[in-house]
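Participant: quick one: sequence plus predicted model below, questions after.
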Amino acid sequence: MSPRILHIARNTFREAVRDRVLYNLIAFTLLLSGAAILVGQISFDIERLVVINLGLTAVSMFGVVIAIFIGIGLVSKEIEKRTLYTVLSRPVRRWEFIVGKFFGLAGTLVVNTFCMAIGVFGALFYVAHKFTRPDALILVALYFIVLEFLIICSLALLFSSFSSPLLSAVFAFSLFVIGSFADDLRGFAGLTHGFTRWFATGAAYLVPNFSALNVITAVAHEQGPSPQLILQNTLYALFYTAMALSGAVLIFERRNLK
Amino acid sequence: MAAIEILGLEKTYMVGFWRKRPKRALQPLHLTVEEGEIFGFLGPNGAGKTTTLKILMGLVFPTAGTARILGREWTDPEVKAQIGFLPEQPYFYDYLTAHELLDYYGQLSGVPGKDRKHRVDEVLERVGLTDIKGVQLRKFSKGMLQRTGIAQAILHSPKLVFFDEPMSGLDPLGRREVRDLMEQLKHEGKTVFFSTHILSDAEALCDRVAIINKGELRGVGAVEDLTSTVQGKVEVIWQGTQVPSSMRALGAECHVTGDTVRAVLPENQQDAAIDALRRERIRLIAITPLRTSLEAYFVEKLQHSQTTAGKTS
Amino acid sequence: MTARQRTTIIAGACLAVSMTACVFLLRHIDRLRPKATIDDALYISSPTMVKRASLGFNGLMACIYWTRTIQYFGHRHFDRAHSYNELGPLLEITTTLDPQLFPPYQFGASFLAPKPPNGAGEPARTIQLMEYGIAHNPDNWQIYYNLGFVYYTELKDYTRASEVFARGSKVPGAHPFLKILAAQMAEHAGDFATARLLWSATFETSHETNIRQNALEHLRAISVDEAVTNLQAAVTRFGEKVGRLPSSMSELVTAEHLPGIPADPDGNAYQLTPEGRIQLEKPDDFPFVTKGLPPGYKLSGLPKFHTKL
């Protein structure tokens, strides 16, 4: 891999850090510790359930918001502010720029998720006073959440490569919502007939499938996904990310920077 | 070997939201810049200077044509390691300090790690940016940004530098310094290609200039050659739409724009011209000696293009 | 080839490959988790929880749950599974999210109440669902109809059925047949005509394919049951008159002056066994018949709706 990708990724990460993105961790910590103390007091025998559900949902939500709001600006902001001129007049290929930006944002989210994961386990320990074997399943859920972030990052980047930040945010967020109901969408498609069926099925397979990546409730009930599902979800996320990034590269490669 | 060979680059933008219609930003442009010269690219605002530079930097794709830079195809990424570019009114990652920015750019240009720190300090010193350690670029003034921009363009010791309006945003002292810097670069054997709309800069610095207006090349050549044609001329402007034959007899180049006529003629014919106009009872508006020679040439070229444009439309 | 063209080709190839891979992987993933969406319904089986979690987008969520219900039923039906355990929760969630959504009530009457393998076998739950529906839609006569239908078909509680039909007939704009049904329940509850009237009404008032097919199957079954009953009576009459059983169907036809060899709705002639029983040739094709089955006959699988609509 070209070292330039690494440099661009590192600079993207640095930008996120300097833009105080990691401050969201404070909000996250407040939310989680508040919730932990609260359920610890009420104690309905479901503390564990509440902490895992709330914690993982918050990890996912915070991450999605960060991924979308940074992702949409990654390319368009550089074009708008013309910071891109002095980068692309160097021996940097345009695809390297896109890929580097992606890794920078993905890295930011991984670090952020890692910190949040520590928080979730901390809160869990606070309410349950011990870790049990099924708690390891939380790691799987976190892993799936990171996979979800990869997809959202690549999509935000894709939209950012041709659209304004506001529109990109709308697109990316709609796809996130639609993707969360991807199973149902494929179900809908299956109920239609003829040409509509072709069209709907195509659309249903094209939107990201987040429903298979959401195992928060299952994990809270101590049911883990099968190793096969873990493998296939991993492959799916990687391929989907590759697809969106290729799209971004194809668009950006053709773009005139006015 | 020519540093830059532009072979018929042209650019047509599609403008409008619904009904796209073509707008020519650049007519087919042919231009050669020799190695080791300072080349001025002159034209008023919106003439197509920046478009040309953006095409050469690979930021904008031309509609047709090609170019060679340092003997290679201009799209070749390897070429980019040997050129430096200062965009117009540069703006940088404002969350970085100048040192961090230059270090990052050094990495992207492939400056080896051990040289980098040293190079960064050196170029910052060279553009006159001192005492800025730890200051984020968001706190920089316009002039400081311009200097940073020049620093990043020469950071990796390129053989060829492109400056888009390098003097803008600088105070008189700063302009002086940038001029000196460009001279130095020339002495180091580097080629400098810069665009400007400030003629005195070009006249003082350039070996050769090209004049562009409305996307079309109006003239190119060594500064002395271009200026010799307009040495010691005056500009006479009067009201009306007709050119008396007596004026033509004096060898005046006349152009009608709106309800005024503008004529350029040798200084020694000035009195004869006034007499001729008086005889025709034409209202004289102004007589001005053309101040600097390049300016005269420039104004003439632009005026020419305006009248031709006026006739065609 | 320029660097840019090369990038375009590689990125294009990458796009095509990953897109194909995504579709294949999705199909695999779908196979790995066949009833994944239904699992959600199990985890959060409390309808009020779902309602709260839907953040006010109740209508949309109701539509989503309704399609999930249909899919769930469709899948289970297709797989010939013998239970529909999650049908109840799904219908309850759907109707809690949007009490005005009518199709779930109708669906519940047709598939939640009947005993397995035809349905979930939860008539009590069905009745609760219907009463909930009536409470929220007092002006919808069709829900009264469906409730009465459940009392009639599943619980054979003709008095309650008659009451409900009577209640429904008072709703403004109610279909006149509710009045007729209410009256018929009293004396003619077991009649084929009544059953036929009910199932025809279900068939005509529904747009849902499953429900219509189900009703059609029942109508077919009713006509078989009626024909078999009549033929069996003819055999008895023959025996009383002649003193022995008819030796063949044609003998019975001649004796009874029937217009031709009687056949089931599919056109297959009814069989006459040596013991004098009237039987269907292909009982498997009539999942809901109660008469004309060989002794000790068990339905081989689930009802397959072979009538196409």
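Facilitator: Here it is on my side, so go on.

Participant: okay, now residue A:136: neighbour count?
Facilitator: Neighbour count of residue A:136, defined by other CB atoms under 10 Å in any protein chain shown: 11. (Each C-beta comes from the backbone N, C-alpha and C, glycine too.)

Participant: can you check the one 5 residues further on too?
Facilitator: Around residue A:141 sit 25 other residues, with neighbours defined as other CB under 10 Å.

Participant: is it true that it touches residue A:56?
Facilitator: Yes. Applying CB atoms under 8 Å as the test, residue A:141 and residue A:56 come out as touching, 5.4 Å apart.

Participant: what touches both of these two?
Facilitator: A:216, A:219 (CB atoms under 8 Å, 6 or more residues apart in numbering or on different chains).

Participant: per-residue confidence at residue B:257?
Facilitator: Note on residue B:257: pLDDT of 74.

Participant: would you mind measuring from it to chain A?
Facilitator: Using CB to the nearest CB, to the nearest Å, one gets 31 Å for the distance from residue B:257 to chain A.

Participant: burial count for that residue?
Facilitator: Neighbours of residue B:257 under the rule other CB under 10 Å: 13.

Participant: what's across from it in the sheet?
Facilitator: Beta-bridge pairing for residue B:257 (DSSP bridges): residue B:260.

Participant: relative to chain C, how far out is it?
Facilitator: Counting by CB to the nearest CB, the gap from residue B:257 to chain C is 44 Å.

Participant: OK, contacts around the closest residue to chain B within the stretch 51-200 of chain A?
Facilitator: Using CB to the nearest CB, the single residue of the stretch 51-200 of chain A nearest to chain B is residue A:89, 3.9 Å away. By CB under 8 Å, 6+ apart, the contact set of residue A:89 is B:57-59, B:80, B:83-85, B:87, B:162.

Participant: show me which residues of the stretch 1-150 of chain B are close to chain C?
Facilitator: B:73, B:75-77 (CB under 8 Å from any CB of the partner chain).

Participant: ok now the helix or strand containing residue B:182, how far from the chain's centre?
Facilitator: Residue B:182 is part of helix B:172-187 when elements are defined by DSSP states H and E. On the basis of CA atoms, centre = their mean, to the nearest Å, helix B:172-187 sits 16 Å off its chain's mean C-alpha point.

Participant: send the alpha carbons of it over as CSV?
Facilitator: C-alpha atoms of helix B:172-187 as CSV (Å, rounded to 0.1, in the frame of the first residue of the first chain):
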residue,chain,number,x,y,z
PRO,B,172,4.6,46.1,-0.5
LEU,B,173,7.5,44.7,1.5
GLY,B,174,6.1,41.2,1.1
ARG,B,175,5.8,41.7,-2.6
ARG,B,176,9.4,42.7,-2.8
GLU,B,177,10.4,39.6,-0.9
VAL,B,178,8.4,37.3,-3.2
ARG,B,179,9.9,39.0,-6.2
ASP,B,180,13.4,38.4,-4.8
LEU,B,181,12.4,34.8,-4.0
MET,B,182,11.4,34.2,-7.6
GLU,B,183,14.6,35.7,-8.9
GLN,B,184,16.5,33.4,-6.5
LEU,B,185,14.5,30.4,-7.8
LYS,B,186,15.5,31.3,-11.3
HIS,B,187,19.1,31.5,-10.2
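
Participant: what comes into contact with the helix or strand following that helix?
Facilitator: Next along the chain after helix B:172-187, taking DSSP H and E as the criterion, comes strand B:191-196. Applying CB under 8 Å, 6+ apart, the contact partners of strand B:191-196 are B:3-4, B:33-43, B:49-50, B:52-53, B:88, B:159-167, B:182, B:185-186, B:202.

Participant: check which element follows strand B:191-196 along the chain.
Facilitator: Downstream of strand B:191-196, the first helix or strand assigned by DSSP H and E is helix B:199-205.

Participant: please enumerate the strands of the stretch 201-309 of chain C.
Facilitator: C:271-272, C:278-279 (DSSP state E, counting those that start in this stretch).

Participant: scratch that, the stretch 201-313 of chain B
Facilitator: Applying DSSP E, counting those that start in this stretch to the stretch 201-313 of chain B gives strands spanning B:208-213, B:216-222, B:233-239, B:253-257, B:260-266, B:284-289.
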